[in-house]
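Chemist: I would like to see how this sequence folds:
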Amino acid sequence: MHQDPSDSPVHSPAPAHSTTTVERGSFCLARCVCGWSGPARRARDRARADAREHLGEREQDG
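Modeler: Purely as a prediction, here's the structure:
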């Protein structure tokens, strides 16, 4: 049986990852548009490091 290429499933690329930090009271946490959220941190630098680590993990997966 011949399959028409237009009938093949469309694979969209993985969603782009874009991180930001959010402050909640005296805590700061990193978030990504993919839905990932890091732990609440008292140090903004640590929340930013969590975001960088998440982006690094995504590059290795993709």
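
Chemist: Which stretches in the protein count as strands?
Modeler: In the chain, the strands defined using DSSP state E lie at 19-24, 27-32.

Chemist: For those strands, give me a markdown table that also has distance to R52 and mean pLDDT.
Modeler: Any C-beta I mention is one placed from the backbone N, CA and C, and that applies to glycine too. A markdown table is the format used below for the strands of the chain (distance: least, CB to CB, whole Å; pLDDT from 0 to 100):
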| stretch | distance to R52 | mean pLDDT |
| --- | --- | --- |
| strand 19-24 | 8 | 95 |
| strand 27-32 | 9 | 96 |
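
Chemist: For D50, find the nearest of these.
Modeler: Nearest of these to D50, taken as CB to CB: strand 27-32 at 4.5 Å.

Chemist: could you check the angle strand 19-24 makes with that closest one?
Modeler: Regarding strand 27-32 and strand 19-24, their directions subtend 150 degrees when assessed with axes from the mean of the first three to the mean of the last three CA atoms, to 10 degrees.

Chemist: thinking again about what came up before, looking at the strands of the chain, which is buried most?
Modeler: Mean neighbour count (mean count of other CB atoms under 10 Å) peaks for strand 27-32 among these, with a mean of 19.

Chemist: Can you tell me what sits against it?
Modeler: By CB atoms under 8 Å, 6 or more residues apart in numbering, the residues outside strand 27-32 that reach it are 17-22, 37-44, 46-48, 50-51, 54-55.

Chemist: Any regions of the protein where pLDDT drops low?
Modeler: Along the chain, segments meeting pLDDT under 70 span 1-15, 58-62.

Chemist: can you give me the helices in it?
Modeler: Assigned by DSSP state H, the chain shows helices spanning 44-61.

Chemist: For burial, what's the neighbour tally of A49?
Modeler: 14 (other CB atoms under 10 Å).

Chemist: Surely R48 is in contact with T21?
Modeler: Yes - counting by CB atoms under 8 Å, R48 sits close enough to T21 to count as a contact (6.2 Å).
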